[in-house]
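Chemist: this one's structure only:
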């Protein structure tokens, strides 16, 4: 017997958008739909979905409040799909617990790709692994060493902390503020030049072409993502 398709909770107050999302997902996923924040929270507890596609502009609750409430009990990936395109909105959603953010309008192909990544990384639970690999990079989290194509890579303590933070959130956008807090502490808030310098150093050591990174991806104005 084959495994059931993943269940996606689709939350949007506009029926045409829900129809579009349902049609986009129907070949690979099961869906359940909500038009309000309250309905979304109720269905989430009833069905325990594998992932949530969430609009922020809901008629009763702001989507950020829905993210916050979901994160009190579920680690299921939350992909925000919203017409709000400001960097501040993206940062608020990602800092609040969302895994990814798509600005309307978006293509079906991009939505499916982002959803696959979110589900894949949720299944892998990288923060529970002792060894994490991408490309020819191998990170032994237990012994705190990094190799590239089998050769040791020397990282400074801050470079290593930055890389491990990205590993622990692999596939997700990690905001500047979260990275700064995890690597340098709360006092570093707003010091994004730290990140630019250390990310450039990491790319020089880990990427084949640091000018066109394959793994350590910049999300302009928001943060960084480890793409594996």
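Modeler: Perfect, I can see it now. For clarity, every value in this text was computed on a predicted model and none was experimentally measured.
Chemist: okay, which residue is most central for the protein?
Modeler: Against the mean C-alpha coordinate of the chain, by CA atoms, centre = their mean, the closest residue is residue 172 at 2.2 Å.
Chemist: any idea how far it is from residue 102?
Modeler: 13 Å (CB to CB, to the nearest Å). In this view, the C-beta of every residue, glycine as well, is placed from N, C-alpha and C.
Chemist: kindly report the same for residue 41.
Modeler: Counting by CB to CB, the gap from residue 41 to residue 102 is 21 Å.
Chemist: which elements pack onto the longest helix along the chain?
Modeler: Ranked by residue count, the top helix of the chain under DSSP state H comes out as helix 108-124. Contacts defined by 3 or more CB pairs under 8 Å, 6 or more residues apart in numbering; DSSP states H and E place helix 108-124 against helix 15-25, strand 51-54, strand 78-82, strand 100-103.
Chemist: could I get the buried residue list for that helix?
Modeler: Of all the residues in helix 108-124, those buried under the rule 16 or more other CB atoms under 10 Å are 111, 114-115, 117-119, 121-122.
Chemist: and what of stretch 88-104?
Modeler: Neighbour counts using 16+ other CB under 10 Å place 89-102 of stretch 88-104 among the buried residues.
Chemist: quick check: end-to-end length of that stretch?
Modeler: The straight-line separation of the ends of stretch 88-104 (CA to CA, to the nearest Å) is 16 Å.
Chemist: contacts made by that stretch with the rest, please.
Modeler: Residues outside stretch 88-104 that contact it (CB atoms under 8 Å, 6 or more residues apart in numbering): 17, 54, 56, 63-64, 67-68, 70-71, 77-85, 110-111, 114, 117-118, 122, 171-178, 221-223.
Chemist: then stretch 141-155?
Modeler: With CB under 8 Å, 6+ apart as the criterion, stretch 141-155 contacts 129-132, 136-140, 160, 163-164, 167, 202, 205-206.
Chemist: and those residues, which of them are buried?
Modeler: Neighbour-count burial (16+ other CB under 10 Å) applied to the contacts of stretch 141-155 gives 132, 137-139, 160, 163-164, 167, 202, 205-206.
Chemist: farthest pair in those residues?
Modeler: Greatest spacing in those, by CB to CB: 132 and 205 (16.1 Å).
Chemist: under the pLDDT cut-off, which ranges of the protein? List them.
Modeler: Applying pLDDT under 70 to the chain picks out residues 1-3, 123-129.
Chemist: what are the boundaries of the helices in it?
Modeler: 15-25, 37-47, 63-70, 87-96, 108-124, 157-168, 176-184, 192-206.
Chemist: make TSV out of those and add distance to residue 147.
Modeler: Below are the helices of the chain laid out as TSV (distance: least, CB to CB, whole Å):
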stretch	distance to residue 147
helix 15-25	39
helix 37-47	41
helix 63-70	37
helix 87-96	30
helix 108-124	20
helix 157-168	13
helix 176-184	21
helix 192-206	10
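Chemist: what's the closest of those helices to residue 4?
Modeler: Judging the helices of the chain by CB to CB, what sits closest to residue 4 is helix 37-47, at 12.0 Å.
Chemist: which other helices and strands contact that closest one?
Modeler: Counting contacts by 3+ CB pairs under 8 Å, 6+ apart, helix 37-47 packs against strand 7-11, strand 30-34, strand 51-54, helix 63-70.
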